[in-house]
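**Student:** Got a predicted structure plus its sequence, pasted below:
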Amino acid sequence: QVHLVESGGGLVQAGGSLRLSCAASGLTFSMYAMGWFRQAPGKEREFVAAISRSGGRTGYADSVKGRFTISRDNAKITVYLQMNSLKPEDTAVYYCAAVPANSGSYYADSHEYRYWGQGTQVTVSS
């Protein structure tokens with residue numbers, strides 16, 4: 001059974017930083033592209049960042065480009081999201097997701113993803 005468990009969320013002031021982690025189990029992690037998505041109250045889930053199987057290719061939403069960095073450690077079966085210069089509009093529940101993928105591929109469409117974590121709350125105060 002596949003499990004994705006996010007951690008690292010919390011309350012931070014605007015301009016601060018957080019590092020989210022997503023620990024995976026029950027899958028051959030190195031065969032999966034990984035993504036981070038977020039959902040704010042009253043809004044649809046939106047793409048944040050994604051990374052290919054090896055970590056060699058990454059993609060970001062325009063709203064976070066230059067502030068957030070996605071990375072992965074296949075030996076630790078974990079994907080990370082480093083979030084810097086946080087803004088109140090970054091407040092949301094953040095989810096990680098996994099999809100089996102070809103080498104070099106990553107996906108921004110949430111419908112592509114097969115497995116999802118339960119989410120971790122990030123709140124940025126002004």
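**Tutor:** Alright, I've got the coordinates.

**Student:** Note down every partner strand of the helix or strand where residue 99 lies and its orientation.
**Tutor:** When elements are assigned from DSSP states H and E, residue 99 belongs to strand 92-100. Applying DSSP bridges, strand 92-100 is found paired with strand 32-39 (antiparallel), strand 115-116 (antiparallel), strand 120-125 (antiparallel).

**Student:** now it, how far from the chain's geometric center?
**Tutor:** Here strand 92-100 is found 5 Å from its chain centre; the criterion is Cα atoms, centre = their mean, to the nearest Å.

**Student:** before we move on, the earlier item: just so I know, which of the strands paired with strand 92-100 lies nearest residue 15?
**Tutor:** When those are compared by Cβ to Cβ, strand 120-125 sits nearest residue 15, at 8.9 Å. Glycine gets a C-beta too; all of them are placed from N, C-alpha and C.

**Student:** For the closest one, buried residues please.
**Tutor:** 120, 122, 124 (16 or more other Cβ atoms under 10 Å).

**Student:** Quick check, the last one in contact with residue 85.
**Tutor:** No - counting by Cβ atoms under 8 Å, residue 124 does not reach residue 85; the two are 10.1 Å apart.

**Student:** which residues sit against stretch 10-27?
**Tutor:** Under the contact criterion Cβ atoms under 8 Å, 6 or more residues apart in numbering, stretch 10-27 has outside partners 1-9, 32, 34, 36, 76-88, 94, 96, 98, 115, 117, 120-126.

**Student:** mean confidence score for stretch 78-97?
**Tutor:** On average, the pLDDT along stretch 78-97 is 98.

**Student:** Identify each buried residue in that stretch, please.
**Tutor:** Buried positions in stretch 78-97, judged by neighbour count with 16+ other Cβ under 10 Å: 78-81, 83, 86, 90-97.

**Student:** need the contact list for the residue nearest in space to the middle of the chain.
**Tutor:** Centrality entry for the chain: nearest residue to the mean C-alpha point is residue 36, 2.3 Å, by Cα atoms, centre = their mean. Neighbouring residues of residue 36 by Cβ under 8 Å, 6+ apart: 20, 22, 48, 49, 50, 70, 79, 81, 94, 95, 96, 97.
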